[in-house]
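In: starting from these lines, generate the structure:
(3 chains)
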Amino acid sequence: MPFDPVTRVRPPASSEELLARAAGLAGKTLRQVAGELGVPVPGHLRQAKGWIGTLMENYLGANAGSLPEPDFAEFGVELKTLPLGKNGLPKESTYVCQVPLLPDPAAAWENSLVKRKLFRVLWIPVEADPAIAVAGRRIGSAFLWSPDRRQEKILRRDWEELMEKISLGNLDQVSARIGQYLQIRPKAMDARSLTTGTDAEGHLVPSLPRGFYLRVSFTRQILAAHHGNT
DNA sequence: TACTGATCATTC
DNA sequence: GAATGATCAGTA
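Out: As a prediction, this is how the structure comes out:
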């Protein structure tokens, strides 16, 4: 079902306004939010996997662009929904961004898209218990997070380990098992999708597009730390 | 049941 | 095809 918002929301003027809007989501159901925007709620997410994320973007007034930038670039804030299982814990990994498959000698963690996107994340917890109809799922309390020094150190180590294999043309050695917090997995319409990578000799070769994801164990840690500080 | 690899929708 | 938004589903 195409997402066709009837109501367009003005972008927030400040990060404070963004946070205030996000706070207003707490306790609402997806039906309520969709109703306010005048959009229908899909019966299931199988063919609308990004629907909740898009709904949140529209409600909060994100620029709705598909640029490789944080959602609210002016404030450096990236928006992410956090699907919670019936146990109240995150149940899915979190997509971060595409993996650059062509070697870039200038590539460094400090100016990587992963670091820029994770600099500040506005997490929006949303019930994701399949026993609850999509429309009836409730939204939790949004919270702003930035990696602490220990977390950034590990993210950086993961990124460097993974990117080294890629820049060496060893994409075949990259599996989702590598990385403590960050992992690389396919990110494509299907397993036949192709982009361009390089082999160990530096030759261009057709490759399955990949994405960086945050492991569930890491987002569970982030949520737990937030609860600890609340 | 957790995890990895596969897949779905939209836009430009 | 590549960027965004993610969840699905088979199997270890």
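
In: CA only for contacts and neighbour counts going forward, please
Out: Will do.

In: show me which residues of chain A are close to DNA strand B?
Out: A:1-4, A:46-50, A:66, A:93, A:175-178, A:185-192, A:215-217 (Cα under 7 Å from any atom of the strand).

In: filter the residues you listed down to the buried ones and hand me the ChimeraX line.
Out: Restricted to buried positions by 16 or more other Cα atoms under 10 Å, the ChimeraX selection for those reads:
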select /A:93,185,186,187,215,216
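
In: just the residues of chain A next to DNA strand B that are near DNA strand C?
Out: Answer for the residues of chain A next to DNA strand B near DNA strand C (Cα under 7 Å from any atom of the strand): A:46, A:48-50, A:66, A:93, A:186-188.

In: could you identify the most distant pair in those residues?
Out: With Cα to Cα as the measure, no two of these lie farther apart than A:Arg46 and A:Ser66, at 21.6 Å.

In: isn't A:Leu162 right next to A:Ser175, touching?
Out: No. A:Leu162 lies out of contact with A:Ser175 (Cα atoms under 8 Å); the separation is 9.3 Å.

In: name the helices or strands packed onto the longest helix along chain A?
Out: Taking DSSP state H as the criterion, chain A has its longest helix at helix A:149-167. Under the contact criterion of 3 or more Cα pairs under 8 Å, 6 or more residues apart in numbering; DSSP states H and E, helix A:149-167 touches strand A:182-186.

In: which neighbours does the strand it packs on have in its sheet, and in what orientation?
Out: strand A:210-214 (antiparallel) (DSSP bridges).

In: sec struct for the residue most central in space within chain A, please.
Out: For chain A, A:Tyr95 is the residue whose C-alpha lies nearest the centre (Cα atoms, centre = their mean; 4.0 Å). Put simply, A:Tyr95 is strand when judged by DSSP: H, G, I helix; E, B strand; the rest coil.
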